[in-house]
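Peer 1: Any chance you could fold what I've pasted below:
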Amino acid sequence: MSDRFQVLVKDVMAKPITIAKSAFVSEALEKMLGEGVDPLIVTNNGTVIGTTSRAAIAETLGSRKTQALKATSIHVANTVEENFTSAYPDQSIDVLVPLLQHYKLVVVFDAEHRLIGQVTAGDLLKVLRPAGGLRDVMEPVHTIQGEERAVHLRRRMLDGKIDRFIVEDGDRVLGIVTETDVAKALHAFKDLVEGIHQDYRIRNLLVRDIMSAPLISMDADTDVSDVIDLMLKKNISSVPVKRNGRIEGVVTRSSLVQAL
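Peer 2: Model prediction:
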């Protein structure tokens, strides 16, 4: 039996990070950004009922139904994704691979079904890494112009189920924009702009106004383990891959787990 199968879930799991369904989304987003996690485990009277993610919060904050509401008055209950997966501490980490290929987080319960931990792609990648080069673990790159409106970006994310875009000005790379950037921008608008003015202001918000820069990228010849180490050290979820100065793909935590 390989070393891979001798490592148990309890050896890689982290402390569970939770949020009550009665909490406000502003608190949930602040905890996600502060702890560097996504998603959060949502509880109700101590019982796990699902998860909430930055993408779910962005979708709720951008909804017309919440247009007149501040982020400090919208409850986490409105963003809960009830479909989640779980494992037990004494199972082999091999059970985590197919689970994390479909979910962003695995909830860990003890024999009495009490919450004792969680495992994310980052936790798994600390001990288990895919073979091959960066081209074997890359996702296609999606680009958007910096002068595009943020509402168009959000629509492309929702319609195409795309969680990140490389931002360009013509052929020049400016940065990257992710679900996190969208959630942070919408949260800020909810707090700073009156409800009656939000729709107009949001519709005039540009991608370059909310993107993250400068872009952290790696050369296509870089070892996969070095890219994983960078992602874990910087607590980032993706790294664009360059060859001859041009971006040819993106390595994400998800694409790395898919390659296991």
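Peer 1: Which parts of the chain are strands?
Peer 2: For the chain, applying DSSP state E gives strands covering 18-20, 40-44, 47-52, 85-87, 105-109, 115-120, 138-139, 143-145, 164-169, 172-178, 218-219, 238-243, 246-252.
Peer 1: Which other helices and strands does the last one contact?
Peer 2: Identification of packing neighbours for strand 246-252 by 3 or more C-beta pairs under 8 Å, 6 or more residues apart in numbering; DSSP states H and E yields strand 138-139, strand 164-169, helix 224-234, strand 238-243. All C-beta spots, glycine's among them, are computed from the backbone N, C-alpha and C.
Peer 1: The first one pairs with which strands?
Peer 2: Which is strand 138-139. Strand pairing for strand 138-139, determined by DSSP bridges: strand 246-252 (antiparallel).
Peer 1: Measure how the partner strand sits relative to strand 172-178, angle-wise.
Peer 2: For strand 246-252 against strand 172-178, the angle by axes from the mean of the first three to the mean of the last three C-alpha atoms, to 10 degrees is 20 degrees.
Peer 1: How about the contacts made by the closest residue to V177 other than its chain neighbours?
Peer 2: Counting by C-beta to C-beta, 6 or more residues apart in numbering, M211 is the residue found nearest to V177 once chain neighbours are left out, at 4.2 Å. Counting by C-beta atoms under 8 Å, 6 or more residues apart in numbering, M211 makes contact with G146, V167, L174, G175, I176, V177, D181.
Peer 1: List the buried residues for stretch 162-169?
Peer 2: Neighbour-count burial for stretch 162-169, counted by 16 or more other C-beta atoms under 10 Å, picks out I162, D163, R164, F165, I166, V167, E168.
Peer 1: Tell me how far the residue nearest to V177 lies from P140.
Peer 2: Distance, M211 to P140, using C-beta to C-beta, to the nearest Å: 19 Å.
Peer 1: ditto for S53
Peer 2: Distance, S53 to P140, by C-beta to C-beta: 22 Å.
Peer 1: The two: who's more crowded?
Peer 2: S53 (23 against 9; other C-beta atoms under 10 Å).
Peer 1: For this structure, name the helix or strand with the lowest mean pLDDT.
Peer 2: Taking mean pLDDT, DSSP states H and E as the measure, the helix or strand of the chain with the lowest value is helix 195-203, at a mean of 60.
Peer 1: quick one: low-confidence parts of the stretch 1-150 of the chain?
Peer 2: 1-5, 66-68 (pLDDT under 70).
Peer 1: redo that, cut-off 50
Peer 2: 1-2 (pLDDT under 50).
Peer 1: any idea where the helices of it begin and end?
Peer 2: 9-12, 25-35, 54-61, 96-100, 121-125, 150-160 (DSSP state H, counting those that start in this stretch).
Peer 1: ok now the fifth one, how far from the chain's centre?
Peer 2: When distances are taken as C-alpha atoms, centre = their mean, to the nearest Å, helix 121-125 is centred 13 Å away from the chain's centroid.
Peer 1: Report the contact partners of the residue most central in space within the chain.
Peer 2: The residue lying closest to the centre of the chain (C-alpha atoms, centre = their mean) is D38, at 5.1 Å. By C-beta under 8 Å, 6+ apart, the residues touching D38 are M32, S53, R54, K104, T180, S237.
Peer 1: of the helices of the stretch 1-150 of the chain, which approaches K242 most closely?
Peer 2: For the helices of the stretch 1-150 of the chain, proximity to K242 was assessed by C-beta to C-beta; helix 121-125 is nearest, at 21.4 Å.
Peer 1: Verify the stated contact: D163 with T178.
Peer 2: Yes: here D163 reaches T178: they are 6.2 Å apart, a contact under C-beta atoms under 8 Å.
Peer 1: Give me the contact list for the longest helix along the chain.
Peer 2: Taking DSSP state H as the criterion, the chain has its longest helix at helix 179-192. With C-beta under 8 Å, 6+ apart as the test, helix 179-192 has contacts from 25-26, 29, 33, 38, 53-55, 57-58, 61-62, 66, 69-72, 74, 150, 153-154, 157, 163-164, 198, 201-202, 205, 209-212.
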